[in-house]
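Colleague: Structure, please.
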Amino acid sequence: MSTAQWFVFVGMLLLLVGLASSHLQRSPLTPAIIYLLFGVLLGPSVLNWYHFNPLQESALLELLTEVAVLISLFSAGVKLRGAAVPRRWRAPILLATVSMALTVALVAGFGWFILGLPLGAAILLGAILAPTDSVLAGDIQLAQPGDHPRLRFTLACEAGMNDGSAFPFVMLGLGLLGLHELGDSMLTWLLVDVVWATVGGIAIGVVAGTLLGMLCWKLRSGPNKYDLMDDFIGLGLIGFVYGVCLLLHAWGFLAVFFAAVALRVTEERLARETPTFSAEMSVADTSFDKTPSSNDPVATVVPPVARASSVEFDDDDAPQPVSEGSVIFKEHLERLSVVLMVLLLGGTLFPDSWTFDAVGLALFIFFIARPVSVLLCQFGNRAPWRTRWLTAWFGVRGIGSLYYLMFAINHGLPENLALPLTQLTLIVVAMSIVVHGISVKPLIG
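Modeller: Numbers count the residues shown, from 1 in each chain. Just a heads-up that it's a prediction; the model follows:
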């Protein structure tokens with residue numbers, strides 16, 4: 001397709017989705033499914049008007065997916081209300097650690113015993129497909145007022161954390177393939193890739209987000225009340241935190257998510273401590289029955305124990321928070337990234353891509369690996385069983401998996417392993433977009 005044809009096609013697609021948004025909200029189709037169908041239609045599967053080769057364009061695709069994930073992580077973090085309540089993080093932390101490790105092990109076992117992959121490649125496959133996706137998870141909307149706010153918070157936090165917590169397993173898989181230094185008895189991997197990179201990433205994010213929140217609040221609440229560009233501040237925080245983590249060999253995805261959460265929590269705390277603001281602020285509904293905003297896919301409300309820990313910034317005279325002001329711009333970037341990534345995904349698929357191995361792996365992840373790992377790590381959880389099952393089901397795979405795949409390819413993954421891993425990953429992501437997207441309204445609506 002020529003440049004002009006691409007402009008016409010993408011423009012018509014955006015117009016179609018924009019004009020039909022009200023119908024899409026009532027239909028079982030999500031925007032990502034529409035993009036995927038158009039990509040498959042124009043790609044080599046049907047009309048063959050274009051073909052995107054992820055192996056030849058791995059460097060470009062790694063950069064595009066990296067940016068998309070970073071924007072999504074920040075957007076998810078700044079929209080979490082009531083994140084200052086420690087007990088609310090128990091389930092997401094277990095999902096991003098215990099469930100993550102179990103899923104990697106189960107997928108690796110499938111890859112080793114069923115698909116015949118080398119152990120390193122099998123672990124790498126598990127690390128690529130274990131994390132849930134913060135980009136495509138935004139399509140999971142709750143159709144009825146008050147439906148499963150805990151589920152929204154849990155899935156958002158899990159997706160925000162496991163995009164970074166999967167990295168140690170990626171490096172372990174690459175190390176077993178001889179592409180990364182693990183050290184004697186894997187000590188280097190344990191100390192650097194697991195302990196330092198994880199703790200360092202979280203610490204860098206929390207410190208940066210907290211300091212920025214305090215600085216911006218002071219500037220806006222001072223006598224001069226400085227005008228600030230929230231969009232630039234948000235993008236600047238993403239770039240600064242991620243860049244520092246790259247320099248210090250810490251996990252930048254974790255840092256960006258926790259920087260966004262720390263920014264939001266800091267501004268909520270300062271809002272409660274500001275006399276002119278606290279007198280007017282409205283506390284998030286403590287009955288757990290508040291209807292989420294239509295443009296806030298991961299916003300949630302707090303339980304009674306979290307009373308006055310999450311606030312709505314609705315006082316015109318109070319300093320306007322950066323976490324609120326930067327959300328709309330980030331959501332637009334996030335939606336555009338979904339259009340681009342899913343269209344490219346559709347252009348990678350051939351009719352013979354749908355092998356028994358690939359489809360079987362997807363079904364294994366959706367119906368065995370994900371549910372088993374989630375339900376095991378929620379043993380003893382007081383959440384209703386329906387919420388647990390929904391959490392186990394909605395493990396969306398997407399842009400994050402594509403990033404890890406491209407990261408591995410660009411770090412020297414041999415072509416004889418890159419080809420099957422690429423085919424497996426693309427089919428799992430495509431099936432996840434369709435299966436999880438279509439099931440949202442029947443299961444939650």
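Colleague: so where do the strands sit in the stretch 251-400 of the chain?
Modeller: Taking DSSP state E, counting those that start in this stretch as the criterion, the stretch 251-400 of the chain carries its strands at 282-283, 311-312.
Colleague: got any ranges where this structure has weak pLDDT?
Modeller: Within the chain, the set of residues satisfying pLDDT under 70 comprises 136-148, 222-226, 275-329, 445.
Colleague: Show me the residue sitting in the middle of it in space.
Modeller: With the centre of the chain defined as its mean C-alpha position, the nearest residue by Cα atoms, centre = their mean is Ser134, 1.4 Å away.
Colleague: Helix, strand, or coil at that residue?
Modeller: When classified by DSSP: H, G, I helix; E, B strand; the rest coil, Ser134 comes out as coil.
Colleague: Can you get me a residue count around the nearest residue to Tyr50 once chain neighbours are set aside?
Modeller: When the adjacent residues along the chain are set aside, Tyr50 lies closest to Met1, with 4.9 Å between them (Cβ to Cβ, 6 or more residues apart in numbering). Backbone N, C-alpha and C define where each C-beta goes, glycine included. Neighbouring residues of Met1 were enumerated by other Cβ atoms under 10 Å; the total is 13.
Colleague: so how far is Pro86 from Met1?
Modeller: 52 Å (Cβ to Cβ, to the nearest Å).
Colleague: Could you do Leu191 as well?
Modeller: Going from Leu191 to Pro86 by Cβ to Cβ gives 27 Å.
Colleague: ditto for Gln378
Modeller: In this view, Gln378 and Pro86 are 18 Å apart by Cβ to Cβ.
Colleague: Comparing the two, which residue is more hemmed in?
Modeller: The residue with more neighbours, out of Gln378 and Pro86, is Gln378; 23 against 8, by other Cβ under 10 Å.
Colleague: dump the residue contacts of the closest residue to the more buried one other than its chain neighbours.
Modeller: With Cβ to Cβ, 6+ apart as the measure, Arg388 is the residue that lies nearest to Gln378, at 5.2 Å, once sequence neighbours are left out. Taking Cβ atoms under 8 Å, 6 or more residues apart in numbering, we find Arg388 in contact with 374-375, 378, 381.
Colleague: Just confirm Leu129 contacts Gly398, I think it does.
Modeller: No: taking Cβ atoms under 8 Å as the contact criterion, Leu129 and Gly398 are not neighbours in contact, 10.5 Å apart.
Colleague: Contacts only, for the residue nearest to Tyr50.
Modeller: When the contact criterion is Cβ under 8 Å, 6+ apart, the partners of Met1 are 9, 42, 49-50.
Colleague: Need phi/psi at the residue nearest to the centre of the chain.
Modeller: Ser134 has phi and psi values of phi -80, psi -20 when expressed as degrees, to the nearest 10.
Colleague: And for Leu177?
Modeller: Recorded main-chain torsions at Leu177 are phi -90, psi 0, according to degrees, to the nearest 10.
Colleague: What is the burial count for it?
Modeller: Using other Cβ under 10 Å, Leu177 is surrounded by 20 other residues.
Colleague: Please look at it and Pro118 and confirm they touch.
Modeller: Yes: contact between Leu177 and Pro118 holds when scored by Cβ under 8 Å: they sit 7.1 Å apart.
Colleague: Give me the common contacts of the two.
Modeller: For the pair Leu177 and Pro118, residues contacting each of them under the criterion Cβ under 8 Å, 6+ apart are Leu417.
Colleague: Could you pull up the contacting residues of the nearest residue to Trp49 once chain neighbours are set aside?
Modeller: Take Trp49 and drop its neighbours on the chain: the residue closest to it by Cβ to Cβ, 6+ apart is Leu42, 4.6 Å away. The contact partners of Leu42, by Cβ under 8 Å, 6+ apart, come to 1, 9, 49-50, 346-347.
Colleague: So which of those residues is the closest to Leu61?
Modeller: Distances from these to Leu61 were compared by Cβ to Cβ; the smallest belongs to Gly347, at 11.3 Å.
Colleague: residue contacts, that closest one?
Modeller: Applying Cβ under 8 Å, 6+ apart, we find Gly347 in contact with 39, 42-44, 50-52.
Colleague: Go ahead and confirm Ile233 touches Leu212.
Modeller: Yes: Ile233 lies in contact with Leu212 (Cβ under 8 Å); the separation is 7.2 Å.
Colleague: Between those two, tell me which one has more neighbours.
Modeller: Neighbours were tallied for Ile233 and for Leu212 using other Cβ under 10 Å; the higher tally belongs to Leu212 (23 against 18).
Colleague: Next, the buried residues of the helix or strand containing that one.
Modeller: Following DSSP states H and E, one finds Leu212 within helix 197-221. Within helix 197-221, the residues scored as buried using 16 or more other Cβ atoms under 10 Å are 197-198, 200-202, 204-206, 208-210, 212-213, 216-217, 220.
Colleague: Off-centre distance for that helix?
Modeller: Between the centre of helix 197-221 and the centre of its host chain there is 20 Å, according to Cα atoms, centre = their mean, to the nearest Å.
Colleague: quick revisit: report the buried members of the contacts of Met1.
Modeller: Among these, those that count as buried by neighbour count (16+ other Cβ under 10 Å) are 9, 42, 50.
Colleague: Would you reformat these as TSV and include distance to His411?
Modeller: Written out in TSV, the entries for those read as follows (distance: Cβ to Cβ, whole Å):
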residue	distance to His411
Phe9	34
Leu42	31
Tyr50	28
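Colleague: Quick one: these as TSV, columns for secondary structure and distance to Asp227 too.
Modeller: Supplementary listing: those in TSV, determined by DSSP: H, G, I helix; E, B strand; the rest coil; distance: Cβ to Cβ, whole Å:
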residue	secondary structure	distance to Asp227
Phe9	helix	39
Leu42	helix	44
Tyr50	coil	44
